[in-house]
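K.L.:
Sequence first, predicted model second:
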Amino acid sequence: MCSGLTLRHPSEGVGTLSFALSAGTALVVVGRNGSGKSTLLKTLAGLLPARAGSVSMDGVEIAAMRPQARARKLAFVPSTPPRGTVLTVQDVIELALEAGGHQADATSVEQSMLQGGVHPWAQLPIDTLSDGMAQRVMLARAAAQSESLILLDEPTAFLDVVGRREVMADIGQWLNVGKAVVLATHDLDAVQESGWADRWMVMRSPSQGGAVLPDEAFSSHAAKSMLMGEE
Amino acid sequence: MLALFVFGLFSGPAHLAWSEEWSALLGTGGATAETIMWQLRLPRLVTAVLSGAALGLSGLLMQTFFRNPLAGPGVLGVSSGATLGVALVALGGASMGGVTGIWDMGPQVMGALMGGGAVMALLGLVMGRFRSRTALLIFGLMVGYLAGALVTVLQAGAEAGALQAFVHWGMGSFAHSGWASCAIMVCALTPAVFWSWRASSSLDMWTMGALTAATMGVDERRLSWTALGMAGVLAALVTAWCGPVAFLGLATPHLVRAAGISGRHAAMLWPVVLTGAAVALLADLVVRLAGVPLNAVLSLVGAPVVLMLIVGKGRIFSKVRNR
């Protein structure tokens, strides 16, 4: 899905990335702060133009899509849940179904909330929920919106241990129903524990050789040592 | 609201009898009564309704767009910009106040639109640079000071007649507008309401943050310029005809939320428009009965409302500090 991609990143020299992601697989992107993880995700989401190369889904280039068409192909979850909005959990799920081009009737809203485990809070404004609860609503939102690809930018950054585990479990469920996932995270242990990580990408600085996409048999342990520079 | 409108229609300093008023409305009464009803009272009431609705919607759009519950035409300096525009025209020579013909009001309207528009455009351009929500409010405050200073300079050099008319205009009033301005207001308000209704889902998504909204299908540039443009034009038009009307834009969406209507924009749109109109009518009625200027009435009620919002819930300020 991604070929000869060069990111528009201040440090440059991240290198040229090429990879394909098929349904039901996850790509875990790790790297130090400022290594270009967020830039990669925003480029994949079509929000930032690439310096060179292209990102496409099902043969259509993402950068050429209109926002509405793009929203039907992929969903994005930033690290902080929204604050200061008056929307309720149910409102958010309704909007997500609408954005994904799905039916937003009561039954589908109910079903999406059940699948995401957020139905007990249906009528609560997300502003009144804890960070962990609000982030799970955002995950349910992404799942309701996109059937094919979900991009997550450090979704567990502000969560406690239980919250992290819940997020990872949600991602595991999506993979089972055939969604593809790109997850940028520092949370190597939680990913390893969840057991669904198919592929890894390590974002390194140019002096360390740029970004690499190791093959299978790569683990969070290997990722950790690679990040520490002990190859 | 209807009751307020009817009450406003049948009361006034001229002490007309019911029958006189009624027949004047139907066009069968005396010439004086007919003038009072058709040229004074009705346009004034219609102006109040349209202005209140426009300011309410403008405030709602600004609060949504800036994700800031304290945003509003007055707070962000849009009214100040429009005031400066009007001052340039009015104190710079052109005729002023009490003129109801569209062609005489033309320069003043242009002045207000350019002044308000300039502030809106500036806000749109620098918005990305604000680190916190408080910065936005300080921006509005500073624009207000700047515009105020320039207005003072213009005032110092103005001749007495123009100055008096300008000061009078600054107190705010729904009385100096005519049918022509009402027609223009309808032309601005109708597409604004229609767009807000059509784009209500996009506006909802926008409250979740620009990044989330953009990946949910919102065209960020389009939404930004449309929302800012409409909010700015509505506020500037009202300012041109009625003066820098205080608090209506800021307070109306909060009154609707306080009444328990909140959540998605589709649900808030009509209540905000109607509440704005009703509050404007009520305020105008107080103006006519008590003989106090409009902005004094609105500030006496509006300032405590905002203070209560800040102190009472304590929520608005925690949110402001949050981002």
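P.N.:
Sure, I can see it. Numbers count the residues shown, from 1 in each chain, chains lettered A, B, ... in the order given.

K.L.:
Around residue 77, count how many other residues there are.
P.N.:
Just going to use chain A. With neighbours defined by other C-beta atoms under 10 Å in any protein chain shown, the count for A:Val77 comes to 23. C-beta coordinates here come from the backbone N, C-alpha and C atoms, glycine included.

K.L.:
my bad, the chain I had in mind was chain B
P.N.:
Neighbour count for B:Gly77, taken as other C-beta under 10 Å: 28.

K.L.:
distance of the residue nearest to it when sequence neighbours are not counted from chain A?
P.N.:
In space, and not counting its chain neighbours, B:Gly77 is closest to B:Val143: 3.1 Å by C-beta to C-beta, 6 or more residues apart in numbering or on different chains. When C-beta to the nearest C-beta, to the nearest Å is the yardstick, B:Val143 and chain A sit 23 Å from each other.

K.L.:
Following element in sequence after the helix or strand that contains B:Val143, please.
P.N.:
With elements taken from DSSP states H and E, the one containing B:Val143 is helix B:133-157. The element immediately downstream of helix B:133-157 (helix or strand, assigned by DSSP H and E) is helix B:160-170.

K.L.:
Can you point out the buried residues in that following helix?
P.N.:
B:Ala162, B:Leu163, B:Ala165, B:Phe166, B:His168, B:Trp169, B:Gly170 (16 or more other C-beta atoms under 10 Å in any protein chain shown).

K.L.:
helices and strands around the helix holding B:Val143, which ones?
P.N.:
Contacts of helix B:133-157 with other secondary structure elements, assessed using 3 or more C-beta pairs under 8 Å, 6 or more residues apart in numbering or on different chains; DSSP states H and E, are made with helix B:78-91, helix B:102-126, helix B:315-322.

K.L.:
Of all these, which one is nearest chain A?
P.N.:
For chain A, the closest of the helices and strands packed on helix B:133-157 is helix B:315-322, at 4.7 Å, according to C-beta to the nearest C-beta.

K.L.:
Of the helices and strands packed on helix B:133-157, flag the one that's most buried.
P.N.:
Each of those was given a mean neighbour count from mean count of other C-beta atoms under 10 Å in any protein chain shown, and the largest, a mean of 28, is that of helix B:78-91.

K.L.:
remind me which residues of chain A are low pLDDT?
P.N.:
Screening chain A residue by residue with the criterion pLDDT under 70, one finds the ranges A:1-15, A:206, A:209-210, A:215-221, A:228-231.

K.L.:
sorry, that was for the stretch 101-250 of chain B
P.N.:
Applying pLDDT under 70 to the stretch 101-250 of chain B picks out residues B:101-105, B:131, B:133.

K.L.:
repeat that with 90
P.N.:
By pLDDT under 90, the weakly predicted segments of the stretch 101-250 of chain B are B:101-141, B:143-144, B:153-181, B:210, B:220-221, B:224-225, B:228, B:240-241, B:243, B:246.

K.L.:
Show me what from it comes close to chain A.
P.N.:
Taking C-beta under 8 Å from any C-beta of the partner chain as the test, the list of the stretch 101-250 of chain B residues beside chain A reads B:201, B:204-205, B:207-209, B:211-212, B:214-220.

K.L.:
Please check these and keep the buried ones.
P.N.:
Burial of these was assessed by neighbour count (16+ other C-beta under 10 Å); the buried members are B:201, B:204-205, B:207-209, B:211-212, B:214-219.

K.L.:
Between which two of these is the distance greatest?
P.N.:
B:Ser201 and B:Leu211 (17.1 Å; C-beta to C-beta).

K.L.:
Nearest to chain B: which residue in chain A?
P.N.:
A:Ala71 (3.3 Å).

K.L.:
What number of residues are in the vicinity of that residue?
P.N.:
Using other C-beta under 10 Å as the criterion, the residues surrounding A:Ala71 number 27.

K.L.:
B:Leu289: neighbour count?
P.N.:
Neighbouring residues of B:Leu289 were enumerated by other C-beta under 10 Å; the total is 9.

K.L.:
any idea which helix or strand carries it?
P.N.:
Assigned by DSSP H and E, B:Leu289 belongs to helix B:265-290.

K.L.:
so what's the residue nearest to B:His265 when sequence neighbours are not counted up against?
P.N.:
Counting by C-beta to C-beta, 6+ apart, B:Ser200 is the residue found nearest to B:His265 once chain neighbours are left out, at 3.9 Å. Listed by C-beta atoms under 8 Å, 6 or more residues apart in numbering or on different chains, the contact set of B:Ser200 reads B:Arg264, B:His265, B:Ala266, B:Leu269.

K.L.:
Look up how far chain A lies from B:Ser200.
P.N.:
In this structure, B:Ser200 and chain A are 10 Å apart, going by C-beta to the nearest C-beta.

K.L.:
just to revisit the earlier point, the helices and strands packed on helix B:133-157 into TSV, with extra columns for distance to A:Phe19?
P.N.:
Shown next, in TSV, are the helices and strands packed on helix B:133-157 (distance: least, C-beta to C-beta, whole Å):
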stretch	distance to A:Phe19
helix B:78-91	48
helix B:102-126	38
helix B:315-322	37
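
K.L.:
which parts of stretch A:125-136 are buried?
P.N.:
Buried residues in stretch A:125-136, counting neighbours by 16+ other C-beta under 10 Å, are found at A:Pro125, A:Ile126, A:Asp127, A:Leu129, A:Gly132, A:Met133, A:Ala134, A:Gln135, A:Arg136.
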